[in-house]
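J.: Pasted the sequence and its predicted model underneath.
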Amino acid sequence: MDKRYDFDEPVNRIGSDSYKWDVEGKGGELIPLGVADTDFKAPDPVIRAVRQKAEFGVYAYGAFPRKRFQSAVAGWYEKRHGLVLDPAVIRPAQGIMPGALWMLLLALTSPGDTVLIQEPVYHNFRIITENMDRKVISSDLQLQAGRYGINWSDLEEKAKRPEVRALLICNPHNPVGRVWTEVELSRLCNICKENQVLLVSDEIHGDITYGDHKFLPILSIPGADDYAIVMSGPGKTFNLAGFYSAYVLLPNPELRKAYDRVYNQFHFDYNFMGTEALIAAYTECEDYVDQETNYLWENIRTIRDFLSEVMPEIKLIEPEGTYLLWLDCRAWGLTQEELLNLFTGWGVRLNDGSMYGAAGKGFLRINIATQKATLLQALERIQNGYKAWRT
Ligand SMILES: Cc1ncc(COP(=O)(O)O)c(C=O)c1O
């Protein structure tokens, strides 16, 4: 029988060199609901696998267990997302931002090329691309009747521009919580194909979706193998970001060769602890994800109820996936600084929506992947602060 995980188990991360708790939360002064990691312990098989490597005591050069790694990733995509992958198309990466993205940009684009993104979107898409001397343009997502969608005519016009080399998408989308549908993904594929634009899909949030919203890997769209590339990893789902253990899927042999060239050029080897963590997660821990998703959904319910009862002017953009919620705070008419400072003054640290592009102005992002007790404590602070502010 599957193990029951206790996501309510308190974990005190203060003083553990945690970016969330020690930097954003200032070592306990604020409850941090910002940076996108969870406050949950990794599943037992992951801890066991890492402990086994640690206890061996020799941390010398390793030989990358390519077959085990590729088979774990392929197995995960097949059992969780119904996509049969040729293991040979899977390549390791040192995390997505510290590895996959810049290596793909270096391998497949040139300085001065333009990358198209869809803001509001994970801020490092723009930062890393611009740091690589590539240009970024956004075809902003549109909010209509409480749900974000793609501005197709704008995207099509921008994708046609000759300087646009790649479209970088986020599926499911951080921070607006959309899980792109088959119709939307097929249309994105057609646009990329017609305009000879590479389609890079960040699928790191793909394991966490709610209700009928089913994550569809971009490579399940017929024909996408030629021009689509995936970046993903177990970092979000299993809270393993500190291992920098991610991967890239490159079905097109030419694109794969270009990526391999960069990987080898920089003499990357592999992170042997992180590799074991990934393999254990993907081969032994499906039960963890199912239980985690249910737990997160309860936290979402808590937030939804709280907002409608206590501060109905703030609109929750209903999440279809991810543990990052997008709050429309425009009704308050505050500047971003005022908005963020308001919550900070109440003792809770959230993320500034404008971090994710100009289209995020008036919004905040809240990470609900924490113990329910912590979430309730944060909501109590917010409620008290809000009452005092309103009177
Ligand atoms: C869409 C997306 N991609 C990548 C990352 C970070 O991945 P990594 O820690 O592997 O760089 C995040 C973290 O929030 C994210 O939201």
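T.: Thanks, I have the structure now.
J.: now A369: how far from K3?
T.: 19 Å (CB to CB, to the nearest Å). C-beta here means a position set from N, CA and C on the backbone, and glycine is covered the same way.
J.: which one of these two has more residues nearby?
T.: Neighbour count, other CB atoms under 10 Å: between A369 and K3, A369 has more, with 22 against 13.
J.: so that one makes contact with D37?
T.: Yes. Using CB atoms under 8 Å, A369 makes contact with D37 at a distance of 7.3 Å.
J.: Do a quick rundown of the helices in the stretch 51-200 of the chain.
T.: Counting by DSSP state H, counting those that start in this stretch, one finds helices in the stretch 51-200 of the chain at the ranges 66-81, 101-108, 124-131, 152-160, 182-195.
J.: same question, the stretch 201-350 of the chain
T.: So, for the stretch 201-350 of the chain - with DSSP H, counting those that start in this stretch - the helices run 253-265, 272-284, 286-310, 336-346.
J.: Around the nearest residue to E156 once chain neighbours are set aside, how many other residues sit close by?
T.: Leaving aside its chain neighbours, E156 sits nearest to I191 (5.8 Å; criterion: CB to CB, 6 or more residues apart in numbering). Neighbour count of I191, defined by other CB under 10 Å: 20.
J.: Give me the pLDDT value at I191.
T.: Per-residue pLDDT puts I191 at 98.
J.: How about M1?
T.: In the prediction, the pLDDT value recorded for M1 is 55.
J.: how far away is the nearest residue to R187 once chain neighbours are set aside from A159?
T.: Leaving aside its chain neighbours, R187 sits nearest to W152 (7.0 Å; criterion: CB to CB, 6+ apart). Going from W152 to A159 by CB to CB gives 10 Å.
J.: and the two? which has more neighbours close in?
T.: Using other CB under 10 Å, the more surrounded residue of W152 and A159 is A159, with 20 against 14.
J.: and F363, backbone torsions?
T.: Reported as degrees, to the nearest 10, the phi and psi values for F363 are phi -120, psi 160.
J.: can I assume it is in contact with C329?
T.: Yes. Taking CB under 8 Å as the definition, F363 is a contact partner of C329 at 6.3 Å.
J.: Who has more neighbours out of the two?
T.: Per other CB under 10 Å, whichever of F363 and C329 has more neighbours is F363, with 26 against 21.
J.: list residues touching both of F363 and C329?
T.: G353 (CB atoms under 8 Å, 6 or more residues apart in numbering).
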